[in-house]
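> Got a predicted structure plus its sequence, pasted below:
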Amino acid sequence: MNPQLQRLYAIAQKPERRIVGLMSGTSLDGLDVALCRISGSGGQTRVVLEQFETVPYGEPFKDSIRAVFAKKQIDFEHLTLLNEQIGRQHGRWVAQCLKGWGVDPAEVDLVASHGQTVYHAPQQQHRRPGYLNATLQIGDGDHVAAEAGIITLSDFRQRHIAHGGEGAPLAVYGDYFMFSQAGEDRILLNMGGIANFTYLPGSLDASVVFTTDTGPGNTLLDAYARQFTDKPYDEDGQMAAAGEVNGALLDALKDHPFFVQPFPKTTGPEVFSREYVQNAQQHSHTETIAPNDLMATLARFSAETIAQSITQILTQGGIAHPHVYMSGGGAHNPVLTGTIEALLPGCTFAKTDALGIAGDAKEAVLFAVLANEAIAGTGDINFGNRQGVPSVSMGKISFYK
Ligand SMILES: Nc1ncnc2c1ncn2[C@@H]1O[C@H](COP(=O)(O)OP(=O)(O)OP(=O)(O)O)[C@@H](O)[C@H]1O
Ligand SMILES: CC(=O)N[C@H]1[C@@H]2OC[C@@H](O2)[C@@H](O)[C@@H]1O[C@H](C)C(=O)O
């Protein structure tokens with residue numbers, strides 16, 4: 001038998017595994033690296049976050065990814081080169097983080113690598129006859145495994161699509177295993193470039209667990225912060241707080257079929273781009289809006305569309321007073337969080353940090369949990385086969401030699 005297959009077999013039988021989860025999201029701010037100690041599987045999954053670090057992307061690396069990111073037309077050679085380069089770079093950063101934490105790679109069982117989404121194309125979005133849901137993450141797992149010297153699971157979204165999902169949000173799987181609490185209805189709200197949430201019923205009934213993207217989180221705010229300032233984002237929402245919301249522009253921004261599509265649904269910066277905002281400005285005759293007012297309106301747009309999606313689910317399910325736990329970079333923006341709290345007066349609010357997982361690390365931890373499930377799970381996760389939440393494990397295996 002291949003010794004690495006033998007090793008994998010042994011890893012699957014261990015009472016607990018050390019798994020490094022990696023996430024590089026739509027914000028392109030950096031690679032989130034989470035060293036997790038995970039025992040059990042499924043509903044018995046227990047996670048201890050041992051170490052966490054975000055390795056920031058330098059501007060040239062960001063620009064290089066932006067050249068192919070969420071674009072219909074690209075330089076195909078560049079995409080091909082990036083697939084190898086991102087994988088290798090992510091693998092090197094894993095090795096570097098482990099060294100910094102004083103952890104021998106031989107003591108780590110698995111790496112769980114999301115890769116970099118370069119294009120997300122659910123059918124509802126591309127609407128091309130004859131094509132189904134599709135999504136593309138690059139940074140091939142073989143390069144991560146070779147650089148880190150650790151067996152790597154990657155490319156988690158394809159099996160989700162193969163079984164009827166849109167390839168996202170995958171958060172529901174980790175959220176259900178890690179954060180379900182008997183007797184407490186919970187909403188796990190993540191605000192990255194794109195925002196999404198998971199509803200976890202206090203009944204623990206997996207068949208009513210629910211997840212969806214809601215639209216933009218920070219992606220538009222970041223795009224205009226970069227245009228107006230020399231910073232990558234509107235720190236603590238300072239610009240937005242200094243501006244006035246423009247009602248006409250807000251209405252134009254909210255006028256898109258995505259917001260009336262049934263749940264669950266997913267989207268990305270392919271739709272919510274600077275061009276999207278420019279079109280809304282043209283329709284609302286607000287092309288000359290002041291920068292702070294534009295930022296205030298974009299923040300309100302994210303907050304309202306998040307709150308409206310949550311309200312819709314609460315109303316449909318007769319859920320009165322859920323606890324909302326926030327995560328992702330948007331949880332650091334008081335304009336976003338303050339507006340959402342004001343729009344959802346029946347909810348109580350906290351960060352996922354209160355549940356033992358730092359909000360900035362949550363998505364990287366998710367991929368560690370998905371890898372754990374793929375290797376050690378019993379395969380009996382049952383989300384009631386709801387459309388968009390297939391009951392499958394995910395991730396492909398790369399040996400390191
Ligand atoms: N102090 C802060 N004030 C305002 N915004 C902040 C702050 N800190 C982080 N952010 C926002 O959070 C973003 C990064 O969030 P995060 O890392 O969760 O996104 P991501 O994982 O790349 O996206 P996604 O979840 O859509 O894939 C930054 O680009 C910025 O917009
Ligand atoms: C295709 C893709 O990369 N989608 C991301 C993105 O970032 C947030 C939101 O859009 C979410 O649907 C997803 O990531 C998280 C980790 C998820 O799958 O749950």
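Thanks, I have it. Ligands and ions are numbered 1, 2, ... in the order given.

> OK, contacts around P322?
Residues near P322 by CB atoms under 8 Å, 6 or more residues apart in numbering: 185-187, 199, 314, 346-348. Quick note: C-beta positions are derived from backbone N, CA and C, even for glycine.

> Out of these, the closest to ligand 1 would be?
I187 (16.1 Å; CB to the nearest ligand atom).

> per-residue confidence for that closest one?
If you check I187, the pLDDT there is 98.

> now the strands for the protein?
Remark: strands assigned in the chain by DSSP state E are 16-24, 30-39, 46-56, 110-121, 134-138, 152-154, 186-191, 194-200, 210-216, 323-327, 348-351, 396-398.

> In the contacts of P322, find the pair that's most separated.
Y199 and T348 (15.0 Å; CB to CB).

> what's the burial count for the residue of the stretch 1-150 of the chain found nearest ligand 1?
Closest approach between the stretch 1-150 of the chain and ligand 1, counting by CB to the nearest ligand atom: G25, at 2.3 Å. Close neighbours of G25, defined as other CB atoms under 10 Å, add up to 23.

> Verify the stated contact: it with A364.
No - taking CB atoms under 8 Å as the definition, G25 is not a contact partner of A364, at 9.5 Å.

> what is in contact with those two at once?
The overlap between the contact sets of G25 and A364 (CB under 8 Å, 6+ apart) consists of D32.

> So which residues of the stretch 101-250 of the chain form helices?
123-126, 141-148, 157-162, 171-179, 219-228, 238-242, 247-254 (DSSP state H, counting those that start in this stretch).

> among the contacts of P322, which ones are buried?
Buried residues within the contacts of P322, counting neighbours by 16 or more other CB atoms under 10 Å: 185-187, 199, 314, 347.

> Could you tell me which ones among those residues also sit near ligand 1?
Counting by CB under 6 Å from any ligand atom, nothing from these sits close to ligand 1.

> Contacts only, for whichever residue of the stretch 101-250 of the chain sits closest to ligand 1.
Of all residues in the stretch 101-250 of the chain, the one sitting closest to ligand 1 is G192 (2.0 Å; CB to the nearest ligand atom). G192 sits next to 25-27, 217-218, 328-330, 363 when contact means CB under 8 Å, 6+ apart.

> And these, which two are furthest apart?
N218 and E363 (13.5 Å).

> okay, the two: which has more neighbours?
Higher neighbour count among N218 and E363: N218, with 29 against 24, using other CB under 10 Å.

> so what's that one up against?
With contact set as CB under 8 Å, 6+ apart, N218 has these partners: 27, 191-193, 233, 302, 329-330, 333, 336.

> ok, the residues you listed vs I19, which is closest?
Closest approach to I19 among the contacts of N218 (CB to CB): G192, at 21.1 Å.

> and the closest one, how far is that from K265?
16 Å (CB to CB, to the nearest Å).

> Also I313?
From I313 to K265 the distance is 12 Å (CB to CB).

> more crowded one of these two?
Each of I313 and K265 had its neighbours counted (other CB under 10 Å), and the higher figure belongs to K265 (21 against 17).

> Could you tell me the phi and psi values at the more buried one?
Main-chain torsions, K265, degrees, to the nearest 10: phi -150, psi 160.

> Looking at the contacts of G192, which is nearest L132?
Using CB to CB, T26 comes nearest to L132 of the contacts of G192, at 21.9 Å.

> residues touching the closest residue to that closest one other than its chain neighbours, list them.
Counting by CB to CB, 6 or more residues apart in numbering, T26 lies nearest to G193, which is 3.1 Å off, once chain neighbours are set aside. By CB under 8 Å, 6+ apart, G193 lies in contact with 25-27, 216-219, 222, 268-269.

> Output those residues in TSV; the columns should cover pLDDT.
Shown next, in TSV, are the contacts of G193 (pLDDT from 0 to 100):
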residue	pLDDT
G25	94
T26	93
S27	93
P216	98
G217	98
N218	98
T219	98
D222	98
G268	98
P269	98
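
> R46 - nearest residue in space that isn't next to it in sequence?
S39 is the one closest to R46 (CB to CB, 6+ apart), at 4.8 Å.

> Please apply the same query to F272.
Using CB to CB, 6+ apart, the nearest residue to F272 is P216, at 4.3 Å.

> How about the residues of the stretch 251-400 of the chain by ligand 2?
So the stretch 251-400 of the chain meets ligand 2 at 266, 268, 363, 366 (CB under 6 Å from any ligand atom).

> ok, of these, which one's closest to F52?
Once CB to CB is applied, the member of those that ends up nearest F52 is E363, at 11.2 Å.

> residue contacts, the closest one?
23, 25, 32, 114, 171, 190, 192, 327-328.

> at 10 Å instead, please
21-25, 32, 34, 114, 169-171, 174, 190, 192, 327-328 (CB atoms under 10 Å, 6 or more residues apart in numbering).

> ok, so what distance separates it from ligand 1?
Using CB to the nearest ligand atom, to the nearest Å, E363 is found at 6 Å from ligand 1.

> Same check on Y325?
Separation of Y325 from ligand 1 (CB to the nearest ligand atom) stands at 14 Å.

> And for D251?
The spacing between D251 and ligand 1, counted by CB to the nearest ligand atom, is 24 Å.

> Surely that residue touches H285?
No - in this structure, D251 is not within contact of H285 by CB atoms under 10 Å, at 12.0 Å.

> Residues of the stretch 51-200 of the chain that sit close to ligand 2?
117, 120, 135, 167-171, 192-194, 196.

> Among these, which one has the most neighbours?
Most surrounded of these: other CB under 10 Å gives I194, at 29 neighbours.

> Can you name the residues bridging to it?
Beta bridges link I194 to P216, judged by DSSP bridges.

> Then Q51?
Assigned bridge partners for Q51, using DSSP bridges, are L35.

> State the number of residues packed around it.
Every residue meeting other CB under 10 Å relative to Q51 is counted, giving 16.
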